[in-house]
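Novice: Okay, structure incoming, though there's no sequence with it:
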């Protein structure tokens, strides 16, 4: 699959307007839209004010941050190797 990167805008009625001409063969295409975030500070301030105080679990992956806030931290006696072994035993019916 060939990939193209284009600049476009969304008008007030929600239509996608591509800013530059595009010369590709006609047919079906898959469109992925990435919208830049203007300021991360304002969005994090409102989310932290509305939520009750919890210890924050830090991650560099934004998609996992909300998931971390909903889950409980792992217990102090958690053994990742034992958990892997249990998962493999269950997966392969050992």
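Specialist: Noted; the coordinates are in hand. Because the structure is predicted, anything quoted here is derived from the model rather than measured. Numbering: from 1, shown residues only.
Novice: pLDDT on stretch 69-81, on average?
Specialist: The pLDDT scores in stretch 69-81 average 84.
Novice: And stretch 34-51, by the same measure?
Specialist: So the average pLDDT for stretch 34-51 ends up being 60.
Novice: Use 52 as the first number from now on
Specialist: Yes, from this point I'll number from 52; that puts the last item at stretch 85-102.
Novice: Residue 116: neighbouring residues, count only.
Specialist: Residues within reach of residue 116, counting by other CB atoms under 10 Å, total 15. To be clear about C-beta, it is placed using only N, CA and C from the backbone, and glycine gets the same treatment.
Novice: in this protein, which spans are strands?
Specialist: Listed in chain order, the strands of the chain (DSSP state E) span 59-61, 67-69.
Novice: In a markdown table: the ones you listed, plus distance to residue 53.
Specialist: Listed next are those as a markdown table, based on distance: least, CB to CB, whole Å:
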| stretch | distance to residue 53 |
| --- | --- |
| strand 59-61 | 18 |
| strand 67-69 | 16 |
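Novice: could you dump those to a markdown table with mean pLDDT, mean neighbour count and distance to residue 111?
Specialist: Shown next, in a markdown table, are these (pLDDT from 0 to 100; neighbours: other CB atoms under 10 Å; distance: least, CB to CB, whole Å):
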| stretch | mean pLDDT | mean neighbour count | distance to residue 111 |
| --- | --- | --- | --- |
| strand 59-61 | 87 | 10 | 28 |
| strand 67-69 | 88 | 10 | 31 |
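Novice: Residue 117 is nearest to which of these?
Specialist: strand 59-61 (24.6 Å; CB to CB).
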